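K.L.:
Turn this into a model:
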Amino acid sequence: MTAWQPAAAAALDALALAVLVVDRQARILHANREAADLLDRPDGALVGHLAGSLGARTGEGRSRLHALIQAACDGRAGETGGFLHLEGGTTDEPGISVCVSSLAEPAAEASGRALVVARLLRSQGLVEAQGRIEVQLRTLYGLTRAEAQVGGALARGGCLSEIAAELGISVTTARTHVARIFLKTGTKQQSQLVALVAAVQLPVAYAEAPAHALRSSR
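P.N.:
Predicted coordinates for the structure are as follows:
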C-alpha cells in the first residue's frame, strides 16, 4: 500500500456519494463508506458485498448495470459508461441514480476497471439536509445562524409566514433576515436564492458519521 492510499480512501469516505471500483465481472474492489451504507440497506436498489459482485435488486436492473460496467471496462467507443436508474425492493425504499464510467489503468493491466457512483433519489433526511444547507450558507456567505435558518427554509420553498411560525419569530424579523440574506448572497428574490443553494451544495458527509469497515480488497 502506497503512502497516498489511506488518504485517498479517507477522502472518498468523506463524500456523501457512493463510490465503488469494480472489475469487468462487477466484483467489488473498493467501496467507500456511503457505498457500504447503500449496500447495507435491506431493500436497497444496489446489492453486493466485499469480495463479491455488485448487482441490482431487479433482474433487469442487474443486466443493465453489468452491461454498463463491461462497456466501461472494455473502453468500447461510444459505450464507455452511462447513467442508470435503479428501483428499490419495496415501494417505501427510494431508488438510486447510478453513473458508470471507465477508470484509467496502466497499460500493463490486463483487465479494465469501472467507476460506479450512486446516490439515493431522495434526501437522507430533511433535518440532515437542512443542517447541511445552513452550515454551507454560514460558511460561504457569512450568514448568522438565524439568517441561515431562514435562508435554508426559503431554499426549500417555504413562504415567509410559515417560516416565521416554524422558527418562532415574527414576520417582520423574518423579513429583516431575508433582506440581509439577499444582501450577503447577492440575490434579489427567492428563486435566485433557491438556484444559488442548489449550485453551492456539495456532497460532503458529516465528519461525525460512523466509519464503515468496507474497504479495498486489493
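K.L.:
wait, doesn't L193 sit right on R156?
P.N.:
No: judged on CB atoms under 8 Å, L193 makes no contact with R156 at a distance of 10.6 Å. Just so you know, the C-beta spots here come from the backbone N, C-alpha and C atoms, and that holds for glycine as well.
K.L.:
can you map out the strands along this structure?
P.N.:
With strands called from DSSP state E, the chain shows them at 18-23, 28-31, 46-47, 55-56, 81-86, 96-103, 113-120.
K.L.:
Looking at those, spot the one closest to R64.
P.N.:
strand 81-86 (5.8 Å; CB to CB).
K.L.:
looking just at contacts, which helices and strands does the closest one meet?
P.N.:
Packing contacts for strand 81-86, counted by 3 or more CB pairs under 8 Å, 6 or more residues apart in numbering; DSSP states H and E, involve helix 59-74, strand 96-103.
K.L.:
Check the residue sitting furthest away from the middle of the chain and give its pLDDT.
P.N.:
For the chain, the residue at maximal distance from the C-alpha centroid (CA atoms, centre = their mean) is T172, at 36.3 Å. Per-residue confidence (pLDDT) for T172: 96.
K.L.:
residues contacting it?
P.N.:
Contacts for T172 (CB atoms under 8 Å, 6 or more residues apart in numbering) come out as none.
K.L.:
before we move on, back to that, more neighbours: L193 and R156, which one.
P.N.:
Each of L193 and R156 has its neighbours counted (other CB atoms under 10 Å); L193 has more, 21 against 14.
K.L.:
so how far is A56 from the more buried one?
P.N.:
37 Å (CB to CB, to the nearest Å).
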